[in-house]
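Student: can't give you the sequence, but here's the structure:
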């Protein structure tokens, strides 16, 4: 991770950590970096946060001042920006979003020409420029860039999503928690077009209610909706809709690990799981590995972040990977996690197998996990603190082969995540509390 850009872009509270000055400078650098002799073409999308407008306008100002043309998708999803960048010949793509964070945070995510997360050398150069690198010339005369309304690109992406379905969803009742975010109109349109009867909640964004008690990090409302309305399935997205978490007809949460289990089994049965391997992160549940092992499916682990999952998939030719949090990547369809594509793929399984999601996840038994997200004053200091590290080592030693501990700094928030996993939930709680109390005793907790 760099000084500004973490595992999922430059993210923080707008006006304090991330400012319009930063956005203008990022636009200036990208416009100059990709300009060449013809001027760069850059596509920009944003989520529903109030602050997305000021960052969008600052980025457009910076890009056009460096001679780039800025094509504006308006409110759309992160995977839409990736798709449009990849399929319509843009030099780079920019998404303004802080994903699952609260509304007062925002972020800037960058995509390269192929729709993948931006290359490290570009990020390194950008960070140097943000820290006072060499001055960039301003475009003059006819070389000054223009802003282009590009809602047509968003519409083509919606058409692409609809084209992925191979069966009608007629007769299926589907709940959608749209998190008051990027998917608030798009996801319902897709499922309506495919014939489903849709029940949408949290689809009235006001700029300040994105992710507030809703979406993929707050599943309770969708669980109630599915049970009370007798729905076949529910899907919850996060603020920029690159994640999807499902709910089965009994109201049980089906997380990213369970989704990987369903899709890996199906793809292997069809001979479509390249190398019979799934890519996960270190946060995935040990129960997933044990369940897939029974079907002859191997798993490879990466660091947390769908960027790292995609890099491993791309390097080794794997076609399925993802995170417990709901970032699922199907390399046949996209170069990044896409919540709506994930929901479509699950719907395909439910409809073609003619069984419920509860039936599809049968056989996957997750190990108990306790995850604590600790807001801290300095996450790097926590991860280097001798007493904290000693507590982690003690927990690991006492757990032995009965479980595991994972303590890591968030790549997107001022948070340290403490996860304990074991066959016994009491053990999980005991050792997660041990590390948490040590962090608190050392004075790091906010």
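Tutor: Noted; the coordinates are in hand. If you're wondering where the values come from, they're calculated on a predicted model, not measured in any experiment. Residues are numbered from 1 along each chain as shown.

Student: which residues touch the residue positioned nearest the centre of the chain?
Tutor: Nearest to the geometric centre of the chain sits residue 242, at 4.4 Å (CA atoms, centre = their mean). Going by CB atoms under 8 Å, 6 or more residues apart in numbering, residue 242 touches 77, 78, 79, 99, 306, 327, 336, 337, 338, 339. In this view, the C-beta of every residue, glycine as well, is placed from N, C-alpha and C.

Student: now it: how far from residue 217?
Tutor: Taking CB to CB, to the nearest Å as the measure, residue 242 falls 13 Å from residue 217.

Student: so where's this protein uncertain?
Tutor: Residues of the chain meeting the criterion pLDDT under 70: 1, 37.

Student: for it, which helix is longest?
Tutor: Taking DSSP state H as the criterion, the chain has its longest helix at helix 425-441.

Student: let's verify the residue nearest to the centre of the chain: helix, strand, or coil?
Tutor: Of the three states, residue 242 takes coil under DSSP: H, G, I helix; E, B strand; the rest coil.

Student: any buried residues in the strand or helix carrying residue 121, and which?
Tutor: Using DSSP states H and E, residue 121 sits within helix 120-130. Neighbour counts using 16 or more other CB atoms under 10 Å place 122, 123, 126, 127, 129, 130 of helix 120-130 among the buried residues.

Student: could those go into JSON lines alongside distance to residue 368?
Tutor: JSON lines is the format used below for these (distance: CB to CB, whole Å):
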{"residue": "122", "distance to residue 368": "42"}
{"residue": "123", "distance to residue 368": "38"}
{"residue": "126", "distance to residue 368": "42"}
{"residue": "127", "distance to residue 368": "40"}
{"residue": "129", "distance to residue 368": "47"}
{"residue": "130", "distance to residue 368": "43"}
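
Student: which one of the residues you listed is nearest to residue 369?
Tutor: Among the buried residues of helix 120-130, residue 123 lies closest to residue 369 (CB to CB), at 31.9 Å.

Student: burial measure for residue 256, as a count.
Tutor: For residue 256, the count of nearby residues is 27 (other CB atoms under 10 Å).

Student: again, but for the one 3 residues further on
Tutor: Applying other CB under 10 Å, we find 25 residues neighbouring residue 259.

Student: quick check: closest non-adjacent residue to it.
Tutor: residue 328 (5.7 Å; CB to CB, 6 or more residues apart in numbering).

Student: run through the residues that contact the one you found.
Tutor: Counting by CB under 8 Å, 6+ apart, residue 328 has contacts 244, 256, 259-260, 263, 320-322, 337-338, 341-342, 345.

Student: one more: residue 214?
Tutor: Residues near residue 214 by CB under 8 Å, 6+ apart: 177, 179, 180, 201, 202, 221, 236.

Student: ok, the first one touching residue 201?
Tutor: Yes. Using CB atoms under 8 Å, residue 177 and residue 201 qualify as a contacting pair, with a distance of 5.4 Å.

Student: looking at the two, which is more packed in?
Tutor: Neighbours per residue, other CB under 10 Å: of residue 177 and residue 201, the larger number sits with residue 177, 31 against 19.

Student: beta-bridge partners for the more buried one, please?
Tutor: Beta-bridge partners of residue 177, counted by DSSP bridges, are residue 201, residue 236.

Student: separation between it and residue 326?
Tutor: Residue 177 is 12 Å from residue 326, by CB to CB.

Student: hey, what's in contact with both of the two?
Tutor: residue 216.

Student: and the residue in the chain sticking out farthest from the centre, how far from residue 161?
Tutor: Farthest-out residue of the chain from its mean C-alpha position, per CA atoms, centre = their mean: residue 141, at 40.2 Å. The gap separating residue 141 from residue 161 is 41 Å, by CB to CB.

Student: strands of the stretch 201-350 of the chain, residue ranges please.
Tutor: Under the criterion DSSP state E, counting those that start in this stretch, the stretch 201-350 of the chain contains strands at 233-237, 244-247, 253-254, 277-281, 298-302, 320-322, 328-330.

Student: what values do phi and psi take at residue 16?
Tutor: phi -120, psi -60 (degrees, to the nearest 10).
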